[in-house]
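[1] sequence first, predicted model second:
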Amino acid sequence: MPRAAPAKAPQGCSISTRSIRWRANLGGREPSERERSAYDDALDLLRHRTPMLLREPAGWFVLDDPQPDAAVCGNTLMLSRGLLESDHLPAVLAHELGHLTGTDGNPVAHRAHPPTELRVDKLRAMTPGIPYAAPVAAA
């Protein structure tokens, strides 16, 4: 299997070596035009539904998996092909962007400032009209 090309960051942003290794280890790839369009549409929906400025990842890649999945490592977002083809993309994208805004997307910051409670109420306020599961009590 050929190695994935390094993730490309928007001008003025950088992607850490850790994020590049993460993508390579997972076998991530650049999104197709259709996947990029689905991502852009979901991001536009979120921008129009929240008064807050959304923090976007420095880069993102696709994991060629039919199961819906997403994750953040540092300032890089991974979305599976299954999620990009799913109606749940806007809700999951809002959740993952929340990781970028908080400290849990950054393991160093996460250790310095561990989260004390889940913020599902903030997520609901940011994206009215998108259904979310009931909040889970923090351990």
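    Arrived safely, thanks for sending.

[2] quick check: which ranges of the chain have low pLDDT?
    Counting by pLDDT under 70, the chain shows low-confidence ranges at 1-15, 103-139.

[3] let's see it at 90
    1-26, 49-55, 73-75, 98-139 (pLDDT under 90).

[4] now the terminal residues of stretch 24-42, how far apart.
    With Cα to Cα, to the nearest Å as the measure, stretch 24-42 spans 25 Å from end to end.

[5] who's in contact with residue 92?
    Taking Cβ atoms under 8 Å, 6 or more residues apart in numbering as the contact definition, residue 92 lies against 68, 70, 83, 86. The way it works is simple: take the backbone N, C-alpha and C, and place the C-beta from them, glycine included.

[6] so the closest residue to the third one other than its chain neighbours versus residue 51, what's the distance?
    Ranked by Cβ to Cβ, 6 or more residues apart in numbering and with sequence neighbours excluded, the top spatial neighbour of residue 83 is residue 68, at 4.0 Å. Counting by Cβ to Cβ, to the nearest Å, the gap between residue 68 and residue 51 amounts to 28 Å.

[7] next up, phi/psi of residue 100, please.
    With angles defined as degrees, to the nearest 10, residue 100 sits at phi -70, psi -40.

[8] go on, residue 77?
    As for residue 77, its main-chain torsions (degrees, to the nearest 10) stand at phi -110, psi 140.
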